[in-house]
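In: structure for the following, please:
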Amino acid sequence: MKIGILVTGHPPDELHDQFGEYDGMFRALLDGNGFEFVTYAVVDDHFPQSFDDADGWIITGSRYGAYEDHAWIRKLEALIRDIHQSGKPLIGICFGHQVIAQALGGKVEKFKQGWAVGRTDYDLDGQTVTLNAWHQDQVVELPAGAQVTGSNAFCQNAMLAYGDTIWTVQAHPEYGDSFIEGLMDTRGKGVVPDNLMQAAADRLPTRDDSPKIGQFMAEFLKKERA
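Out: The predicted structure is shown next:
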């Protein structure tokens, strides 16, 4: 099964040598499931020819806001609608979660209550899962057909499903602890309040359900659909 990874941003330059690009993080997260991967850096205007160039799709996180006026975001929204209509599976992570909602009629904005950083608990279909978060933007209005499958008090629309073909999550199952620490040392300084970053650093030794969510994502992509 060929999975197309639509890369919507790049890590900070200071972290690139150690961690590489975001597509590599997803390849590692989904390793062992027999996937073939192909990467399209849509943030650099490198797009697939059509939704049919892969059997399933993943949209990564980004430092950009889904609501920002960039030509590549508008092109990505059109591709999202094509993938949705095709019935191919699609997963969105953080920015991907947001831009899918926006492309299908929802609303994304900078959340007035601020940032979520580091280990964060979510209620996923009645079970608590813990993932690394890094965001201030949120989906604040759902598009038609979106169902909330995961949430917490800070982020009510943290995980969304659109039928059985699209699943999205605000958090980052692909982010390891070292990368979160790197973000705090680079993009976080002077942007994220110091008390939030200290609290995130204090929580890093706690449990992380990224492998569990990674397996969920793999099963979602491979699921047989009518």
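In: buried set for stretch 115-131?
Out: Buried residues in stretch 115-131, defined by neighbour count with 16 or more other C-beta atoms under 10 Å: 115-124, 129-131. Yep, even glycine has a C-beta here, placed from its N, CA and C like the rest.
In: okay, those in TSV with pLDDT next?
Out: Formatted as TSV, the buried residues of stretch 115-131 follow (pLDDT from 0 to 100):
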residue	pLDDT
Trp115	94
Ala116	94
Val117	93
Gly118	93
Arg119	94
Thr120	96
Asp121	96
Tyr122	97
Asp123	95
Leu124	91
Val129	96
Thr130	96
Leu131	97
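In: need the strands for this structure, in chain order.
Out: Ranges of strands within the chain are 2-6, 36-40, 56-59, 90-93, 107-110, 116-124, 127-135, 137-141, 146-151, 159-162, 166-169, based on DSSP state E.
In: same list, the ones you listed, but as TSV with distance to Asp17 please.
Out: TSV is the format used below for the strands of the chain (distance: least, C-beta to C-beta, whole Å):
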stretch	distance to Asp17
strand 2-6	20
strand 36-40	19
strand 56-59	24
strand 90-93	23
strand 107-110	31
strand 116-124	23
strand 127-135	20
strand 137-141	28
strand 146-151	34
strand 159-162	32
strand 166-169	28
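In: so which of the ones you listed gets nearest Leu15?
Out: strand 127-135 (12.6 Å; C-beta to C-beta).
In: contacting residues around the closest one?
Out: 61, 94, 115-122, 150, 155, 169-173, 175-177, 180, 183, 206-210, 212-213 (C-beta atoms under 8 Å, 6 or more residues apart in numbering).
In: give me the most central residue, the protein.
Out: Ile93 (0.9 Å; C-alpha atoms, centre = their mean).
In: run a quick neighbour tally on the closest residue to that one other than its chain neighbours.
Out: Distance criterion C-beta to C-beta, 6 or more residues apart in numbering; nearest residue to Ile93, sequence neighbours excluded, is Gly61 at 5.4 Å. Neighbour count for Gly61, taken as other C-beta atoms under 10 Å: 25.
In: pLDDT at Gly61, what is it?
Out: On pLDDT, Gly61 comes in at 97.
In: and for Val191?
Out: Confidence score, pLDDT, at Val191: 89.
In: the residue nearest to Ile93 contacts Gln98, doesn't it?
Out: No. Using C-beta atoms under 8 Å, Gly61 is not in contact with Gln98; the gap is 9.4 Å.
In: and the contacts of the lengthiest helix in the chain?
Out: With secondary structure taken from DSSP state H, the chain has its longest helix at helix 71-86. By C-beta under 8 Å, 6+ apart, the residues outside helix 71-86 that reach it are 6, 8, 42-45, 47-48, 50-52, 57, 59, 64, 66, 90, 99-100, 102-104, 162, 165-166.
In: do the same with stretch 31-41
Out: Contacts of stretch 31-41 (C-beta under 8 Å, 6+ apart): 1-7, 21, 23, 26-27, 46-48, 53-54, 218, 221-222.
In: out of those, which are buried?
Out: 3-7, 21, 23, 26-27, 47-48, 54, 218, 221.
In: a markdown table for the residues you listed, including pLDDT?
Out: Output for the buried ones among the contacts of stretch 31-41, formatted as a markdown table (pLDDT from 0 to 100):
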| residue | pLDDT |
| --- | --- |
| Ile3 | 98 |
| Gly4 | 98 |
| Ile5 | 98 |
| Leu6 | 98 |
| Val7 | 98 |
| Glu21 | 96 |
| Asp23 | 97 |
| Phe26 | 98 |
| Arg27 | 97 |
| Phe47 | 98 |
| Pro48 | 98 |
| Ala54 | 98 |
| Ala218 | 98 |
| Leu221 | 98 |
